[in-house]
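**Student:** My questions are about this predicted structure, shown below with the sequence.
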Amino acid sequence: MKQTAMEQLIEALELKVMAQHIPWVQKTLDDALEIERQQIVNAYENGEWNQGCNGDANEYIQKTFGHD
């Protein structure tokens, strides 16, 4: 499965470890991931991405990134 840009950034900076010790870091990461997910949904629904998935935006995210 592909990683979103935010997932790659989190992994590259090892922010998951920091988030375990500082609660606001986890909240910030969760918020950023949700914003990115919504941007993908909006782009898909507006036809900005034509990736050959005939389903809805959530189906595209599931098939491409393996999560909702």
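**Tutor:** Cool, the structure landed.

**Student:** contacts for the lowest-mean-pLDDT helix or strand in the chain?
**Tutor:** In the chain, no helix or strand scores lower on mean pLDDT, DSSP states H and E than helix 15-21, which sits at a mean of 77. Residues outside helix 15-21 that contact it (CB atoms under 8 Å, 6 or more residues apart in numbering) are 9, 10, 25, 26, 29. All C-beta atoms are positioned from the backbone trio N, CA, C, and that covers glycine.

**Student:** Show me which positions of that helix end up buried.
**Tutor:** 15, 19 (16 or more other CB atoms under 10 Å).

**Student:** go on, stretch 40-47?
**Tutor:** 40, 44.

**Student:** Pull the number of nearby residues for residue 24.
**Tutor:** When counting by other CB atoms under 10 Å, one arrives at 8 neighbours for residue 24.

**Student:** which phi and psi does it have?
**Tutor:** For residue 24, the backbone dihedrals (degrees, to the nearest 10) come out as phi -70, psi -20.

**Student:** what about it, distance to residue 10?
**Tutor:** Here the criterion is CB to CB, to the nearest Å. By it, residue 24 lies 15 Å from residue 10.

**Student:** Sketch out the strands for this protein, chain order is fine.
**Tutor:** For the chain, no strands are identified by DSSP state E.

**Student:** can you give me the helices in it?
**Tutor:** Assigned by DSSP state H, the chain shows helices spanning 5-12, 15-21, 23-45, 57-65.

**Student:** Of those, flag the one that's most buried.
**Tutor:** Compared across those, helix 57-65 shows the largest average neighbour count, a mean of 16 (mean count of other CB atoms under 10 Å).
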